[in-house]
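**Student:** whatever this is, show me its structure:
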Amino acid sequence: MSKAKQTDSGKLEAHLSRIKQILQLMQQAEQGFDQQMELFQEGIKLIHQSQDILEQSELHVKQLLEGEMKPFLPAKGEE
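**Tutor:** Numbers count the residues shown, from 1 in each chain. I've put the predicted structure just below:
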């Protein structure tokens with residue numbers, strides 16, 4: 001796995017962990033409205049970043065699969 005993909009994986013795990021923390025904090029309802037809104041906005045931002053990472057990973061997997069699924073046939077004249 002490339003170093004960039006390991007970084008994306010680490011970012012995704014960190015984002016998901018923080019989103020879980022945010023959900024727990026918001027469920028406790030010990031924060032005021034302004035703090036709840038800040039947590040909500042942070043959560044939305046992390047969700048969007050996570051979606052971007054997943055979309056890039058999906059594109060990378062599709063590119064790999066398309067490359068592997070091309071038929072291996074000799075070109076005409078190379079037979």
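**Student:** list the buried ones in the strand or helix carrying S50?
**Tutor:** Taking DSSP states H and E as the criterion, S50 maps to helix 33-69. Using 16 or more other CB atoms under 10 Å as the test for burial, helix 33-69 gives 39, 43, 46, 50, 53. For every residue, glycine as well, the C-beta is placed using N, CA and C.
**Student:** gap between that helix and the chain center?
**Tutor:** 4 Å (CA atoms, centre = their mean, to the nearest Å).
**Student:** just checking, what packs against it?
**Tutor:** The elements that helix 33-69 packs onto, with contact taken as 3 or more CB pairs under 8 Å, 6 or more residues apart in numbering; DSSP states H and E, are helix 3-28.
**Student:** tell me the angle the helix it packs on makes with helix 33-69.
**Tutor:** Using axes from the mean of the first three to the mean of the last three CA atoms, to 10 degrees, the direction of helix 3-28 lies 150 degrees away from that of helix 33-69.
**Student:** give me the distance from helix 3-28 to the chain's centre.
**Tutor:** 10 Å.
**Student:** closest to M26 among the buried residues of helix 33-69?
**Tutor:** The closest of the buried residues of helix 33-69 to M26 turns out to be L39 (CB to CB; 5.6 Å).
**Student:** touching, the closest one and G32? I think so.
**Tutor:** No - if you go by CB atoms under 8 Å, L39 and G32 don't touch, sitting 10.8 Å apart.
**Student:** ok, the closest residue to S50 other than its chain neighbours - how many residues close by?
**Tutor:** Closest residue to S50 apart from its sequence neighbours, by CB to CB, 6 or more residues apart in numbering: H15 at 4.6 Å. Residues within reach of H15, counting by other CB atoms under 10 Å, total 19.
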